[in-house]
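give me a 3D structure for the following:
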Amino acid sequence: MNKKFLKMSIIFGLAVFLSACQSPSEKVIEKVNENVIEKAIEDSMGGNTEVDLNEGNINIETENGTMQAGQDVSLPDNFPSDVYVYEGKLAAVVFNEANNGFNLTIETKDVLDDIKSVYENKLEEDGWVVNQSMNLGGVLYLGAEKNGRVISITASQTDETTMLVINVGNK
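Purely as a prediction, here's the structure:
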């Protein structure tokens with residue numbers, strides 16, 4: 001695993017945890033934490049970083065892209081219109097400028113077979129060519145291509161929820 005990605009993941013997880021601050025004294029700590037997180041990301045990734053922790057949400061903006069996670073996450077305006085976004089709670093969005101790539105994390109109560117059926121139909125309707133499809137003991141994977149772009153859809157089911165991750169970007 002790429003060391004920069006691992007560092008960024010740890011920092012991102014810490015930032016999500018720290019973003020739940022609410023009281024006035026916690027708001028001061030929140031601002032200090034924003035600065036610490038910005039410095040840590042800048043040191044590990046290089047370049048300028050802007051971090052905003054706000055009421056259970058985190059937004060991180062770097063020269064390479066953006067990350068958003070928390071209670072109130074929204075789909076970016078530039079998200080591809082030919083990629084179906086499954087119904088559920090949008091938990092995180094990452095945008096990588098290098099490959100015009102997006103990573104979405106969605107929480108749903110639906111089972112893997114339903115998700116697979118919906119995506120096989122939606123991908124075909126939107127002109128994607130599905131080239132991989134696996135459902136292995138609680139983990140679903142679909143892969144497809146279209147016009148120099150790739151998409152992967154991975155879902156993992158537990159007793160109470162299913163986590164769905166959609167990755168789409170240029171090859």
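
quick one: strands adjacent to the strand or helix carrying residue 141?
Using DSSP states H and E, residue 141 sits in strand 139-146. Taking DSSP bridges as the criterion, strand 139-146 pairs within the sheet with strand 129-136 (antiparallel), strand 149-157 (antiparallel).

any idea of the mean pLDDT for that strand?
Along strand 139-146, the predicted confidence averages to a pLDDT of 96.

please convert the strands paired with strand 139-146 to a markdown table, extending it with distance to residue 110 and mean pLDDT.
Bear in mind the C-beta positions are built from the backbone N, C-alpha and C, glycine included. Conversion of the strands paired with strand 139-146 to a markdown table gives the following (distance: least, CB to CB, whole Å; pLDDT from 0 to 100):
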| stretch | distance to residue 110 | mean pLDDT |
| --- | --- | --- |
| strand 129-136 | 14 | 93 |
| strand 149-157 | 9 | 94 |
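
of those, which is nearest residue 103?
When these are ranked by distance to residue 103, counting by CB to CB, first place goes to strand 149-157 at 9.7 Å.

mind saving the C-alpha coords of that closest one as PDB?
Output in PDB follows, covering the C-alpha atoms of strand 149-157 (Å, rounded to 0.1, in the frame of the first residue of the first chain):
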ATOM      1  CA  ARG A 149     -13.000   5.500 -18.300                       C
ATOM      2  CA  VAL A 150     -13.400   2.700 -15.800                       C
ATOM      3  CA  ILE A 151     -15.800   2.100 -12.900                       C
ATOM      4  CA  SER A 152     -15.700  -0.400 -10.100                       C
ATOM      5  CA  ILE A 153     -18.500  -1.100  -7.700                       C
ATOM      6  CA  THR A 154     -17.700  -3.000  -4.500                       C
ATOM      7  CA  ALA A 155     -20.200  -3.800  -1.800                       C
ATOM      8  CA  SER A 156     -19.800  -5.600   1.500                       C
ATOM      9  CA  GLN A 157     -22.700  -6.700   3.600                       C
END
